[in-house]
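S.K.: Attaching a predicted model along with its sequence, questions to come.
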Amino acid sequence: MEGVDHLADERNKAEFDVEVMKIVWAGSRHAFEVSDRIARLVASDPVFEKSNRARLSRKELFKSTLRKCAHAFKRIIELRLTEEEAGRLRHFIDQPAYVDLHWGMFVPAIKGQGTEEQQKKWLSLANKMQIIGCYAQTELGHGSNVQGLETTATFDPKTDEFVIHTPTQTASKWWPGGLGKVSTHAVVYARLITNGKDYGIHGFIVQLRSLEDHSPLPNITVGDIGTKMGNGAYNSMDNGFLMFDHVRIPRDQMLMRLSKVTRDGKYVPSDVPKQLVYGTMVYVRQAIVADASIALSRAVCIATRYSAVRRQFGAHNGGIETQVIDYKTQQNRLFPLLASAYAFRFVGEWLKWLYTDVTERLAASDFATLPEAHACTAGLKSLTTTATADAIEECRKLCGGHGYLWCSGLPELFAVYVPACTYEGDNVVLQLQVARFLMKTVAQLGSGKVPVGTTAYMGRAAHLLQCRSGVQKAEDWLNPDAVLEAFEARALRMAVTCAKNLSKFENQEQGFQELLADLVEAAIAHCQLIVVSKFIAKLEQDIGGKGVKKQLNNLCYIYALYLLHKHLGDFLSTNSITPKQASLANDQLRSLYSQVRPNAVALVDAFNYTDHYLNSVLGRYDGNVYPKLFEEAWKDPLNDSVVPDGYHEYLRPVLKQQLRTARL
Ligand SMILES: Cc1cc2nc3c(=O)[nH]c(=O)nc-3n(C[C@H](O)[C@H](O)[C@H](O)COP(=O)(O)OP(=O)(O)OC[C@H]3O[C@@H](n4cnc5c(N)ncnc54)[C@H](O)[C@@H]3O)c2cc1C
């Protein structure tokens, strides 16, 4: 029945103004309007059709991606879209492509590490896409260990050039997105050698392909690293390999903002502090956190709508069966993910602010908060991407068997999303960076150095190491101070325990290696505190609209109390709460689930995703799931013919043989 809204009853139950919540989710009325307009523009354009992706071969998929990117480029020019609108357009096309790396890594690398002169030259070409670039750091043998990269850039004073070379197979660049087939240029990271001395890893702009016929330049070997996980999914991207055989580039193609090599081969570090590189990392990682909230909200939107449509068991006297969303087990798995989507959205919003703050401070030569901002973004990238990848898989299970179908949208979403746990820093390696920073901060407590930003709570160590939670009844867990104090006490006590254990080792580095697992847990506790505190801070903002604040309040405490339940061992072993208080937190959590239940569908409607963008039969806005599942099934290539290909060759002979045996 086309046109019927099967979820209308659910929408009528909502106790808040969904239109206002859409604006809260988008960040502002302006952001909502831009996003809404561009999403509809993409959805109505047949070139951006995406439902057939799983059925395309890798070659067809790649070609269709090039077509979509070219069409997007054309539309951006024809419609004179602003930078913001163009960004939204690329986002809603929703197919990983070379442009993501061009705008997301190549351009920021030049902005962050290039001198003004270099920026002027290269960005004017890159911004008009007269050149297309990628970010070539990782090699076959080394990814996380950047200092272990082997590609060399040796200065030749005779010709005023760098010679870029791949000395071993493991030195081959391996993974850069957009490298395999598309990019004309790359920012290549290599060991800088001048006057026989190795000065470590630096960035160089290297042309890879001809701008005339796109063939690789002499002495450059380049290609695609092969098919990746999942149908469609990330396979629209040409992640590549790259080898150099003594390729020469002019000296001024070394990115020289942080250090340079002079005409006579002298290595000169600039006055600009090295931490400037952190600025670019903060930018890239805040974008990844924003993406986490988007991927998670898509999965949750699908699982929530389908959980309201799906009915199993419970029909009495000819009545209708129970919606699976009404089972407490379903709520206990789904609603914390819904709450996490909002939590990550708001922490992402705050990170965006942090980036602006960091940029302004850098401009004023204030570098004091930079290490803290860097540790915090590394940790939040790790925390949110790990949780999102796990959550997408949980949403697939929440949709039962149908969640496993490609047309549910969840398998592809998972396959596209899961590498976020690895790229831009392996998530464990990133938490270890946070842990090092925390250990340093703990070591400085009492030295007069005041912890700043997200570590400010450590400055109240005297109180937090002693305090006892005052929670006496379930409702006390709705008090922001009680929640924050429990999370702060847990995080600080875990960090201090690690520091104490570290101090037992004579060799600090050996101790660090021994305690890696505990250190990661302490870093995670610190990062969870950041997310909870930023959600609570969001509630303090002036948010209007009937019932909107109340819903956000419920989601905030679901997020916090779900974490408390999940990491109960930490909270109890650090004496941050008692077993009785843990039990009260559970009581409160159950009550919050009941309050969210009537609002659940409206809370995912607030994400304002078009059916085109969700690309999920189970997550359709109208909930018309079953007929559409059949439609999708009929479209499958296996249903092209009644008698399958291979029947006469393989199936018939087996059947014949079996029939003969049966007659005997
Ligand atoms: C889809 C995708 C796109 C990518 N795009 C790009 C790109 O555009 N450009 C680019 O340059 N690179 C890119 N990469 C590469 C990516 O940045 C690296 O894969 C990433 O940094 C992880 O490094 P690795 O592969 O060496 O992992 P490894 O470091 O080998 O990790 C293997 C395991 O060892 C563990 N481990 C490693 N070191 C430590 C340690 N010190 N302590 C404890 N445990 C440790 C890790 O936690 C992990 O479990 C991409 C990767 C993927 C998957």
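M.R.: Yep, that arrived. Since this is a predicted model, take the numbers as computed values, not measurements.

S.K.: Around the ligand, which positions in the stretch 351-500 of the chain sit nearby?
M.R.: By Cβ under 6 Å from any ligand atom, the residues of the stretch 351-500 of the chain that approach the ligand are 419, 422, 423, 425, 426, 428, 429, 432. Yep, even glycine has a C-beta here, placed from its N, CA and C like the rest.

S.K.: Can you flag which of the residues you listed belong to helices?
M.R.: If you go by DSSP state H, those have 428, 429, 432 in helices.

S.K.: and the helix or strand of the chain with the lowest mean pLDDT, how far out from the chain's middle?
M.R.: Each helix and strand of the chain was given a mean pLDDT (mean pLDDT, DSSP states H and E); the minimum falls on helix 652-663 at a mean of 86. Averaging C-alpha positions (Cα atoms, centre = their mean, to the nearest Å) puts helix 652-663 54 Å from its chain's average.

S.K.: And the strands in this structure?
M.R.: Applying DSSP state E to the chain gives strands spanning 133-136, 152-156, 161-165, 173-174, 185-194, 197-207, 220-224, 240-244, 247-250, 259-261, 267-269.

S.K.: With distance to residue 52 as extra columns, can I get the ones you listed in TSV?
M.R.: Formatted as TSV, those follow (distance: least, Cβ to Cβ, whole Å):
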stretch	distance to residue 52
strand 133-136	27
strand 152-156	44
strand 161-165	41
strand 173-174	30
strand 185-194	32
strand 197-207	36
strand 220-224	22
strand 240-244	26
strand 247-250	40
strand 259-261	50
strand 267-269	53
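
S.K.: Which of those strands has the highest mean neighbour count?
M.R.: Most buried of the strands of the chain, by mean neighbour count (mean count of other Cβ atoms under 10 Å): strand 133-136, with a mean of 30.

S.K.: name the helices or strands packed onto that one?
M.R.: Contacts defined by 3 or more Cβ pairs under 8 Å, 6 or more residues apart in numbering; DSSP states H and E place strand 133-136 against helix 98-101, helix 107-113, strand 185-194.

S.K.: OK, contacts around whichever residue of the chain sits closest to the ligand?
M.R.: In the chain, the residue that lies nearest the ligand is residue 143 (2.2 Å; Cβ to the nearest ligand atom). With Cβ atoms under 8 Å, 6 or more residues apart in numbering as the criterion, the residues that contact residue 143 are 175, 426.

S.K.: how does it look with 10 Å?
M.R.: Going by Cβ atoms under 10 Å, 6 or more residues apart in numbering, residue 143 touches 137, 149, 174, 175, 422, 423, 425, 426, 429.

S.K.: Also residue 569?
M.R.: By Cβ under 10 Å, 6+ apart, the residues touching residue 569 are residue 521.

S.K.: same deal with residue 344?
M.R.: Contacts of residue 344 (Cβ under 10 Å, 6+ apart): 289-297, 380, 383-385, 387-388, 391, 531, 534-535, 559.

S.K.: what does residue 517 give?
M.R.: The neighbours of residue 517, taking Cβ under 10 Å, 6+ apart as the test, are residue 428.

S.K.: tell me the contacts of residue 305?
M.R.: By Cβ under 10 Å, 6+ apart, residue 305 lies in contact with 6-7, 10, 325, 399, 600-601, 604-605, 614, 616, 618-623, 625.

S.K.: coming back round to it: pull the residues that contact the least confident helix or strand of the chain.
M.R.: Against helix 652-663 from outside (Cβ under 10 Å, 6+ apart): 643, 646, 647.

S.K.: Just put those in JSON lines and tack on distance to residue 584.
M.R.: Supplementary listing: the contacts of helix 652-663 in JSON lines, determined by distance: Cβ to Cβ, whole Å:
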{"residue": "643", "distance to residue 584": "64"}
{"residue": "646", "distance to residue 584": "62"}
{"residue": "647", "distance to residue 584": "64"}
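
S.K.: Just give me the closest of those residues to residue 447.
M.R.: residue 646 (74.4 Å; Cβ to Cβ).

S.K.: Model confidence for that closest one, exactly?
M.R.: Reading off the confidence values, residue 646 has pLDDT 94.

S.K.: now do residue 399
M.R.: pLDDT recorded at residue 399 is 98.

S.K.: burial of it, as a residue count?
M.R.: By other Cβ atoms under 10 Å, the residues close to residue 399 number 25.

S.K.: in terms of contact, does it touch residue 333 like I think?
M.R.: No. Applying Cβ atoms under 10 Å as the test, residue 399 and residue 333 come out as separate, 11.4 Å apart.

S.K.: Spatially nearest residue to residue 122 (excluding sequence neighbours)?
M.R.: Among residues not flanking residue 122 along the chain, residue 110 sits closest, at 5.1 Å (Cβ to Cβ, 6 or more residues apart in numbering).
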